[in-house]
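**Q** turn this into a structure:
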Amino acid sequence: MSSDATRIGVLGGGQLGQMLGLAAIPLGLECVFYDPAPASPARMVGRHECAAWDDHDALARFADAVDVVTFEFENVPAASLEFLAARKPVRPGVRSLELTCDRVREKEFLRSVGVPVQPFAALASAQDLDLALATVGPHGVLKTRTLGYDGKGQRVVKSAEELAPAWDALGRAPCISEAFVPFDREVSVVAARALDGSTAVYPLVENLHTRGILFRSVAPARVPDALADAARAHARRVLDGLGHVGTLALEMFVADGTLIANEIAPRVHNSGHWTIRGARTSQFENHMRAVAGLPLGDTSMDGPAAMINLIGGLPATREILAIEGASAQLYGKEPRDGRKVGHINLVARTRDELDRALADAEALARRVNRLS
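**A** Now for the predicted structure:
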């Protein structure tokens, strides 16, 4: 299928789906969203099939209504995706989901394509505890192999004695134990791959998290050019290794002047929201272009840009727009502690101008943010 795909089925109807739908409209593409939640934010920008993930009749109706299927979050049940893949093309593809929804397989994949990762070990039984300690060392991070986001499903382990209690706290679920990386900064690179294999990579972004939730992204990251070039090369290896079609994000640590990969998000990503105003083609538009079989757009930027998340609370829109170079993106979600309910995008001509606006936007967000 080439650019004949005009009806895009999106699995998930959260804020990422909403922004995909907004990006699709100017391209003449129609989005149909599948999400069990009646109040999904994406319902405002496209048709919404509200049904359970295991409702085969609803899934069949959804497949009949679209030309191609994509997803806005990676926790789509495998059985649902397989059901749809038998009926319509799925882009990025089942492989991208299978290799990134399991943290052990994801790390093995990254290592196989030449992207550096920290030492890690799988932990599924009490017999694995000693092996994990021998492989990873006493200071690490224990994470569930599947699910978990925004800091959920993980525990920091600072000594050998803390590993077993941390595993107990995670319900003795299958886990990955990763060596702790004493990083200087957190960065990510958002990139897209088209149906014909061509790629487009955005400038490297520097991120700041609060309690495991992304608070701020600034582009371009203040790192040496050689490091930024290496990050973009890593992203291309991931795209090609997966045979990915669409947008993804590769999150990394900068430690002692080197890059260590943390994880892959096989979809549009929070750290790429700045591209809506800050890049010539947003990550959402490039994802829609890719899954529809269209050429990718220019990922360059005309000046520095940033994004601030609004978590758990919202300021008055007037306050956001009073900040120089700011725009508001509000998701229509009911505020509650720890929930992303919107973000502020900032653009500027110079880094000094951006830093001044960032200070105002951060102060505003910190005033209203409610973290669980």
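
**Q** only C-alpha atoms for contact and neighbour calcs from this point on.
**A** Will do.

**Q** the stretch 1-150 of the chain: strands as residue ranges?
**A** 7-11, 30-34, 47-49, 68-71, 120-123, 140-144 (DSSP state E, counting those that start in this stretch).

**Q** just how off-centre is the fourth one within its chain?
**A** By that I understand strand 68-71. 16 Å (Cα atoms, centre = their mean, to the nearest Å).

**Q** with the fifth one instead?
**A** Mean C-alpha position of strand 120-123 versus that of the full chain (Cα atoms, centre = their mean) differs by 23 Å.

**Q** can you tell me what sits against that strand?
**A** 104, 128-129, 131-132, 135-136, 174-179 (Cα atoms under 8 Å, 6 or more residues apart in numbering).

**Q** now do the buried residues in that strand.
**A** 120-123 (16 or more other Cα atoms under 10 Å).

**Q** burial count for residue 350?
**A** Residue 350 has 12 neighbours, counted by other Cα atoms under 10 Å.

**Q** tell me who's in contact with it.
**A** Contacts of residue 350 by Cα under 8 Å, 6+ apart are 303-304.

**Q** what pLDDT is listed against it?
**A** At residue 350, the model reports a pLDDT of 98.

**Q** state the distance from it to residue 202.
**A** In this view, residue 350 and residue 202 are 19 Å apart by Cα to Cα, to the nearest Å.

**Q** repeat that for residue 158.
**A** Distance, residue 158 to residue 202, using Cα to Cα: 35 Å.

**Q** so who does residue 215 touch?
**A** Taking Cα under 8 Å, 6+ apart as the test, what residue 215 contacts is 207-209, 308-310.

**Q** which ones among those are found in strands?
**A** 207-209, 308-310 (DSSP state E).

**Q** unless I misread the structure, residue 364 falls within a helix.
**A** Yes: checked against DSSP: H, G, I helix; E, B strand; the rest coil, residue 364 lies within a helix.

**Q** in TSV: the strands of the stretch 1-150 of the chain, plus mean pLDDT and distance to residue 345.
**A** Listed next are those as TSV, based on pLDDT from 0 to 100; distance: least, Cα to Cα, whole Å:
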stretch	mean pLDDT	distance to residue 345
strand 7-11	98	24
strand 30-34	97	24
strand 47-49	97	27
strand 68-71	97	24
strand 120-123	94	36
strand 140-144	93	31
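
**Q** among those strands, which comes closest to residue 301?
**A** With Cα to Cα as the criterion, residue 301 lies closest to strand 68-71 of the strands of the stretch 1-150 of the chain, at 26.4 Å.

**Q** which helices and strands does the closest one pack with?
**A** The contact analysis (3 or more Cα pairs under 8 Å, 6 or more residues apart in numbering; DSSP states H and E) places strand 68-71 against strand 7-11.

**Q** the strand it packs on pairs with which strands?
**A** Strand pairing for strand 7-11, using DSSP bridges, gives strand 30-34 (parallel), strand 68-71 (parallel).

**Q** residues contacting it, please?
**A** Under the contact criterion Cα under 8 Å, 6+ apart, strand 7-11 has outside partners 17, 29-35, 62-63, 65-73, 76, 291-292.

**Q** PyMOL command for the buried members of the residues you listed?
**A** Those of those that count as buried under 16+ other Cα under 10 Å are selected in PyMOL with:
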select buried, resi 17+29+30+31+32+33+34+35+62+63+66+67+68+69+70+71+72+73+291+292
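
**Q** sorry, back to before: could I get the strands paired with strand 7-11 as CSV with distance to residue 52?
**A** Formatted as CSV, these follow (distance: least, Cα to Cα, whole Å):
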stretch, distance to residue 52
strand 30-34, 9
strand 68-71, 15
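
**Q** between those strands, which one is closest to residue 340.
**A** Minimum separation from residue 340 across those (Cα to Cα) falls at strand 68-71, 18.7 Å.

**Q** the most centrally placed residue in the chain: what's its closest spatial neighbour, skipping adjacent residues?
**A** In the chain, the residue lying closest to the centroid (Cα atoms, centre = their mean) is residue 269, at 3.0 Å. Spatial nearest neighbour of residue 269, chain neighbours left out: residue 249 (6.1 Å); criterion: Cα to Cα, 6 or more residues apart in numbering.

**Q** identify the bridge partners of the one you found.
**A** Beta-bridge partners of residue 249, as defined by DSSP bridges: residue 190, residue 265.

**Q** any idea how many residues pack against it?
**A** 26.

**Q** how near is it to residue 161?
**A** Taken as Cα to Cα, the span from residue 249 to residue 161 is 35 Å.

**Q** now swap in residue 310 and tell me
**A** Relative to residue 161, and taking Cα to Cα, residue 310 is found at 37 Å.

**Q** so between the two, which is more surrounded?
**A** Neighbour comparison, residue 310 and residue 161: the larger count goes to residue 310, with 30 against 10 (by other Cα under 10 Å).

**Q** who does that one form a beta bridge with?
**A** As for beta bridges, residue 310 partners with residue 342 under DSSP bridges.

**Q** in contact with it, which residues?
**A** When contacts are counted by Cα under 8 Å, 6+ apart, residue 310 touches 215, 340-344, 365, 368-369.

**Q** now, of these, which are buried?
**A** Buried among these (16+ other Cα under 10 Å): 215, 340-344, 365, 369.

**Q** where does the stretch 151-300 of the chain dip in pLDDT?
**A** 151 (pLDDT under 70).

**Q** redo that, cut-off 90
**A** Applying pLDDT under 90 to the stretch 151-300 of the chain picks out residues 151-154, 162, 211-212.

**Q** those strands in it, which residues are they?
**A** Per DSSP E, counting those that start in this stretch, the stretch 151-300 of the chain carries strands over the ranges 154-157, 175-179, 185-193, 199-201, 205-210, 213-219, 246-255, 258-265.
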